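Student: Pasting the sequence and the predicted coordinates here, then a few questions.
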Amino acid sequence: MFDFDQWIDRRPTRALKWLKYEGTNILPMWVADTEFKAPPAVIEALSERVEHGIFGYSRPTPALTELIITRLRERYGWHIEADWLVYMPGVVPALNLACQTFSEPGSNILMPKPIYYPFLHAPGFHGRKAAHVEMVEKDGRWLLDLESLERQAKDSDLLLFCNPHNPGGTIYTREELQAINDIAKRHNLVVCSDEIHCDLLLDEGKSHVPYAAIDEDAADRSIILMAPSKTFNIAGLCCSFAVVPNPELRTRFIRAARGIMADVNLLGFVAAEAAYADGEEWLQAQLDYLRQNRDLLVERLNGVPGVRVLCPEATYLAWIDISGLELDDPIGFFEQAGVGLSPGGQFGGSDFVRLNFGCPRAMLDEALHRMVAAINSR
């Protein structure tokens with residue numbers, strides 16, 4: 001019913017991912033959007049709204065708010081209230097707003113490392129300092145070093161967190177989140193958790209636990225950032241939301257956004273509502289396809305000397321250890337081979353590269369073929 005094998009030419013659309021390598025034969029596997037058409041229900045809803053012809057200022061419908069409330073309750077067992085929701089034009093702006101709102105100038109803001117690169121830049125944009133908590137490998141998964149978190153928490157106001165983890169793909173368990181919150185509680189940290197990949201769980205039988213759903217204390221100190229954008233490939237429509245249970249934190253967050261944060265555009269609201277209302281069948285089909293892509297990638301790359309990748313539990317992103325190759329310029333090396341990857345140093349891991357496998361299998365197969373051939377011919 002849904003053709004994820006279709007290879008659609010995005011080059012005429014000025015797509016950021018493809019524009020970087022315009023005029024070359026390099027396959028872009030870097031920016032975290034997929035090569036899949038959005039769900040038919042989303043395309044249909046957008047077409048109907050465009051046909052209306054008037055695109056003035058807009059607000060979310062009560063139906064969208066109710067869809068989010070129901071989704072969080074049914075998928076994650078998290079019961080939220082409508083007034084906890086704060087609609088935002090993106091998770092990255094909301095992340096930066098949290099830095100400005102819940103920390104003092106000159107203070108430390110804690111975050112795991114490696115981490116999605118806007119985390120690393122955000123503190124400096126607001127006159128704060130980034131304090132890094134190293135990620136450690138344990139039983140084939142990337143986890144926070146809790147001893148490092150404990151040491152640094154006493155000198156910080158805010159913890160930025162990413163669950164599931166980007167770029168490592170970890171789905172944190174309730175017990176792992178509880179251990180993090182125990183430290184946050186001892187040191188009175190506000191926690192801003194980016195959970196934009198929460199619907200993209202590839203390990204069947206595992207479930208996402210929102211940070212604020214751990215217990216009452218976690219809810220009281222957290223700002224949870226979510227969006228339909230990665231799940232349904234509608235990132236360019238810029239519709240996200242924060243869930244802020246604590247009324248004091250929520251009031252501060254909303255006040256800080258005034259006059260600075262743009263409203264969500266009306267097509268973003270339309271797409272989000274259609275995706276949450278009628279996109280589930282498409283999502284499940286996409287997850288099946290992504291699991292097969294992931295398994296292909298892990299199998300192919302882990303057989304190459306000097307390369308190692310832990311099997312991501314979530315997201316469509318692979319965090320690939322290439323330290324054994326001892327490359328002076330990893331990105332340049334793979335671009336020469338015809339594959340455009342994200343540099344690991346951008347995320348805080350210079351011995352790694354990140355690969356987006358949210359694409360038709362033929363594209364992934366060709367990218368892996370090029371990478372392996374280039375490594376083997378060194």
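Tutor: Here it is on my side, so go on.

Student: Identify the residues contacting residue 124.
Tutor: residue 130 (Cβ atoms under 8 Å, 6 or more residues apart in numbering). For the C-beta atoms, the positions are set from N, CA and C on the backbone; glycine is no exception.

Student: May I see the buried residues of the host helix or strand of it?
Tutor: Assigned by DSSP states H and E, residue 124 falls within helix 117-125. Neighbour-count burial for helix 117-125, counted by 16 or more other Cβ atoms under 10 Å, picks out 117, 118, 119, 120, 122, 123.

Student: Let me see the backbone angles for the nearest residue to the second one once chain neighbours are set aside.
Tutor: Meaning residue 118. Distance criterion Cβ to Cβ, 6 or more residues apart in numbering; nearest residue to residue 118, sequence neighbours excluded, is residue 92 at 4.7 Å. As for residue 92, its main-chain torsions (degrees, to the nearest 10) stand at phi -60, psi -50.

Student: count of residues packed around residue 303?
Tutor: 9 (other Cβ atoms under 10 Å).

Student: And the longest helix along the chain, what's buried?
Tutor: Across the chain, the longest stretch assigned as helix under DSSP state H is helix 280-301. In terms of neighbour count (16+ other Cβ under 10 Å), helix 280-301 has its buried residues at 282-283, 285-287, 289-290, 293-294, 297-298, 300-301.

Student: Three-state assignment for residue 135, please.
Tutor: strand (DSSP: H, G, I helix; E, B strand; the rest coil).

Student: Now for it: which residues touch it?
Tutor: With Cβ under 8 Å, 6+ apart, residue 135 has these contacts: 112, 113, 114, 142, 143, 144, 145, 165, 168.

Student: and with 7 Å instead?
Tutor: 112, 113, 114, 142, 143, 144, 168 (Cβ atoms under 7 Å, 6 or more residues apart in numbering).

Student: For residue 172, see how far away the nearest residue in space to residue 282 that is not next to it in sequence is.
Tutor: Leaving out its chain neighbours, the residue that sits closest to residue 282 by Cβ to Cβ, 6+ apart is residue 39, at 3.8 Å. Distance, residue 39 to residue 172, using Cβ to Cβ, to the nearest Å: 27 Å.

Student: what do you get for residue 271?
Tutor: 28 Å.

Student: same question, residue 364
Tutor: 27 Å.

Student: what does residue 345 give?
Tutor: Per Cβ to Cβ, residue 345 is found 25 Å from residue 172.

Student: Low-confidence bits of the stretch 101-250 of the chain, can you list those?
Tutor: Within the stretch 101-250 of the chain, no stretch has pLDDT under 70.

Student: where exactly do the helices run in it?
Tutor: 117-125, 146-153, 174-186, 216-220, 229-232, 247-257 (DSSP state H, counting those that start in this stretch).

Student: returning to what we had before: which elements pack onto the next helix or strand after the longest helix of the chain?
Tutor: Beyond helix 280-301 in the direction of the C-terminus, DSSP H and E gives the next helix or strand as strand 308-309. The contact analysis (3 or more Cβ pairs under 7 Å, 6 or more residues apart in numbering; DSSP states H and E) places strand 308-309 against strand 317-321.

Student: Determine how far the strand it packs on lies from the middle of the whole chain.
Tutor: Relative to its parent chain, strand 317-321 has a centroid offset of 14 Å by Cα atoms, centre = their mean, to the nearest Å.

Student: Send me it as PDB with only the CA atoms.
Tutor: Output of strand 317-321 as PDB, limited to C-alpha atoms (Å, rounded to 0.1, in the frame of the first residue of the first chain):
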ATOM      1  CA  LEU A 317      20.200   7.300  12.300                       C
ATOM      2  CA  ALA A 318      23.300   5.100  12.700                       C
ATOM      3  CA  TRP A 319      26.200   6.200  14.800                       C
ATOM      4  CA  ILE A 320      29.200   4.600  13.200                       C
ATOM      5  CA  ASP A 321      32.600   4.100  14.900                       C
END
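
Student: just the angle between that strand and helix 280-301, please?
Tutor: 10 degrees (axes from the mean of the first three to the mean of the last three Cα atoms, to 10 degrees).

Student: Could you name the helices and strands sitting against whatever helix or strand comes next after strand 317-321?
Tutor: Scanning forward in sequence from strand 317-321 by DSSP H and E, the next helix or strand is helix 330-336. Secondary-structure packing of helix 330-336 (3+ Cβ pairs under 7 Å, 6+ apart): helix 361-376.

Student: any idea of the angle the helix it packs on forms with strand 317-321?
Tutor: Using the same axes, to 10 degrees, helix 361-376 lies at 10 degrees relative to strand 317-321.

Student: elements contacting helix 361-376?
Tutor: Going by 3+ Cβ pairs under 7 Å, 6+ apart, helix 361-376 lies up against strand 27-28, helix 280-301, helix 330-336, strand 339-340.

Student: Show me what the closest residue to residue 309 other than its chain neighbours is bridged to.
Tutor: Closest residue in space to residue 309, ignoring its immediate chain neighbours: residue 320 at 4.7 Å, by Cβ to Cβ, 6+ apart. Beta-bridge partners for residue 320, by DSSP bridges, are residue 309, residue 353.
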